[in-house]
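Novice: I'll drop the sequence and a predicted model, then ask my questions.
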Amino acid sequence: MARYTGPKTKISRRFGEPILGNGKWLTKNSNPPGQHGGTKKRKTLGEYALQLREKQKAKYTYGILEKQFRKIFEEASRRKGVTGENLIKLLEARLDNTIFRMGIAPSRPAARQLVSHKHITVNGGVVNVPSFQLKAGDVIGLKDKSRENTAVTGQVRGKNQKFSWLDWNETELEGVFITYPERESVPENIKEQLIVELYSK
């Protein structure tokens, strides 16, 4: 299962955003990583650098490596509509991301672990693939045995009301992926058009 396992705070400092973690260290040391930190005179980023930076931010945010990210982009470009918006929709429809959005897990890495350890069901069947693409109407829940596991249920905090494309029943510990989200509803600070321009070169 390919995933980024390097230093998280260093990545957050590079982008100046808490894209991997809670960002508590950004307030203590918001300088970019490196020996000279903020004292080094940095060049203005060129067009390619800005596009690459945006792609890297999206990859780190959703916990995806290059090969898989490229496949998702190719799928987004095949679909009708705006490629950049399709890309965000496909990233949001990943099973691990949806579990994070529903509040079943406190972070995407934790959601990924729940899926790979077979705690999660989709439409009644156990799914252990974090990249599983959900479709409108899919029902996501905890396996019966996992509902009795306090280590699992103790992490459940409930869905944020602003994620209107998801439904979550706290009593049943079950939720529904209602539809693909509209771009303006997704809170991630990603300029997807720069990613489209990068892959279009």
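Specialist: Done, it's in.

Novice: CA atoms for contacts and neighbours, from now on please.
Specialist: Noted.

Novice: distance of the residue positioned nearest the centre of the chain from Arg147?
Specialist: Centre of the chain computed as the mean C-alpha position; nearest residue by C-alpha atoms, centre = their mean is Tyr62, 2.9 Å away. From Tyr62 across to Arg147, the span is 26 Å (C-alpha to C-alpha, to the nearest Å).

Novice: tell me what the longest helix anywhere in the chain is packed against?
Specialist: Ranked by residue count under DSSP state H, the longest helix found in the chain is helix 47-62. The helices and strands touching helix 47-62, judged by 3 or more C-alpha pairs under 8 Å, 6 or more residues apart in numbering; DSSP states H and E, are helix 192-199.

Novice: quick one: buried residues of the helix it packs on?
Specialist: Glu192, Gln193, Leu194, Ile195, Val196, Leu198 (16 or more other C-alpha atoms under 10 Å).

Novice: buried ones in the longest helix of the chain?
Specialist: In helix 47-62, counting by 16+ other C-alpha under 10 Å, buried: Leu50, Gln51, Arg53, Glu54, Lys55, Gln56, Lys57, Ala58, Lys59, Tyr60, Thr61, Tyr62.

Novice: next secondary structure element downstream of the host helix or strand of Phe100?
Specialist: Element membership for Phe100, per DSSP states H and E: helix 95-102. Downstream of helix 95-102, the next assigned helix or strand under DSSP H and E is helix 108-116.

Novice: mind checking the SS state of Ile72?
Specialist: With DSSP: H, G, I helix; E, B strand; the rest coil as the basis, Ile72 sits in helix.

Novice: what residues are up against it?
Specialist: Listed by C-alpha atoms under 8 Å, 6 or more residues apart in numbering, the contact partners of Ile72 are Leu87, Leu90, Leu91.

Novice: that'll do, ta.
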